[in-house]
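Enquirer: Quick one, structure for this:
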Amino acid sequence: MLAVTLVVVTSRPRDQATSSIVRFSLPIGQDADVYLGGPDAVWGRPGITSLTFSPDGNLLVYSARGEDSRRYLQRLDQERAEPLAGTEGASSPFFSPDGAWIGFFDGPSLKRVSVADGEFEAIVLNSQVPGTFSTFSGVTWADDRTIVYAAAAAFPSQRVALYQVEASGGEPELLAEADSLPGALASYAQPHILPGSETLLFHARRSGDPG
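Expert: Okay, the predicted model is just below:
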């Protein structure tokens with residue numbers, strides 16, 4: 001069993017300068033062992049994640065390990081977690097800004113599942129993207145209903161580019177392409193869109209830099 005410690009900052013009206021911090025622990029793993037990585041637990045971090053909270057902090061999704069490799073949905077007001085059917089082998093769960101959907105990578109595809117009824121929808125299928133992806137290196141869901149993700153093409157290039165797609169699904173748009181020229185941006189990871197959907201932050205590595 002794993003206990004997750006939460007830190008909640010509560011704000012008061014602007015005319016009061018003080019705020020309070022609330023700390024509490026949430027025991028998880030009662031229904032399944034939580035997967036936090038294999039023998040090399042840092043591989044893929046932080047682009048590949050095992051658990052995530054909804055924007056309002058009321059829901060937690062985590063990955064199980066072993067034969068039960070599904071994602072589990074833990075509501076903070078309930079004692080038991082709910083298994084998300086059809087998410088076996090999925091990775092890097094993430095929430096929509098309104099907390100109504102959970103996105104995840106399923107092999108070379110990007111999908112989402114409804115929190116309300118468990119309905120699945122495909123966002124990006126491998127067949128919609130030129131080449132074959134071998135790994136994903138982060139994803140972010142914007143409040144303008146678009147998703148930006150970093151994906152690496154399979155060997156021999158293995159360079160990571162940034163793509164944008166409508167959250168409802170469709171053809172992904174290439175935002176930033178990796179370049180092999182010396183000193184050029186050769187790899188992208190951990191994209192994060194700020195509120196308002198006008199600014200995208202990401203990690204980039206230049207060609208020739210250490211990995």
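
Enquirer: Where does pLDDT dip in the chain?
Expert: 1-20, 22, 24, 26-33, 35-48, 65-68, 126-135, 153-159, 179-186, 207-211 (pLDDT under 70).

Enquirer: what's the domain layout of it?
Expert: 1-124, 129-211 (automatic domain parsing).

Enquirer: In contact with residue 196, which residues?
Expert: By C-beta atoms under 8 Å, 6 or more residues apart in numbering, residue 196 lies in contact with residue 143. (Each C-beta comes from the backbone N, C-alpha and C, glycine too.)

Enquirer: do residue 102 as well
Expert: 61, 71, 73, 84, 93, 94, 95, 96, 112, 113, 115.

Enquirer: next one: residue 168
Expert: 121, 123, 145.

Enquirer: right, and the helix or strand after the helix or strand encompassing residue 73?
Expert: Using DSSP states H and E, residue 73 falls within strand 71-75. Sequence-wise, the next helix or strand downstream of strand 71-75 (DSSP H and E) is strand 82-84.

Enquirer: Note down every partner strand of that next one and its orientation.
Expert: strand 71-75 (antiparallel) (DSSP bridges).

Enquirer: related to what we said a few turns ago, what residues sit buried inside the strand holding residue 73?
Expert: Of all the residues in strand 71-75, those buried under the rule 16 or more other C-beta atoms under 10 Å are 71, 72, 73, 74.

Enquirer: If we only consider the residues you listed, which is nearest to residue 139?
Expert: Nearest to residue 139 out of the buried residues of strand 71-75 is residue 71 (C-beta to C-beta; 14.5 Å).

Enquirer: With adjacent residues omitted, what lies nearest to that closest one?
Expert: residue 87 (4.1 Å; C-beta to C-beta, 6 or more residues apart in numbering).

Enquirer: Can I take it that the one you found is in a helix?
Expert: No. Assigned with DSSP: H, G, I helix; E, B strand; the rest coil, residue 87 falls outside any helix and is coil.

Enquirer: Just give the number of residues close to it.
Expert: Applying other C-beta atoms under 10 Å, we find 24 residues neighbouring residue 87.

Enquirer: follow-up on the earlier one: report the two of the buried residues of strand 71-75 separated the most.
Expert: Spatial extent of the buried residues of strand 71-75 (C-beta to C-beta) is set by the pair 71 and 74 at 10.4 Å.

Enquirer: Residues that sit against both of the two, list them.
Expert: Residues touching both residue 71 and residue 74 by C-beta under 8 Å, 6+ apart: 61, 62.

Enquirer: still on that earlier bit, let's have the contacts of residue 168 in a markdown table, adding distance to residue 34, neighbour count and secondary structure.
Expert: Below are those laid out as a markdown table (distance: C-beta to C-beta, whole Å; neighbours: other C-beta atoms under 10 Å; DSSP: H, G, I helix; E, B strand; the rest coil):
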| residue | distance to residue 34 | neighbour count | secondary structure |
| --- | --- | --- | --- |
| 121 | 26 | 13 | strand |
| 123 | 26 | 24 | strand |
| 145 | 31 | 13 | coil |
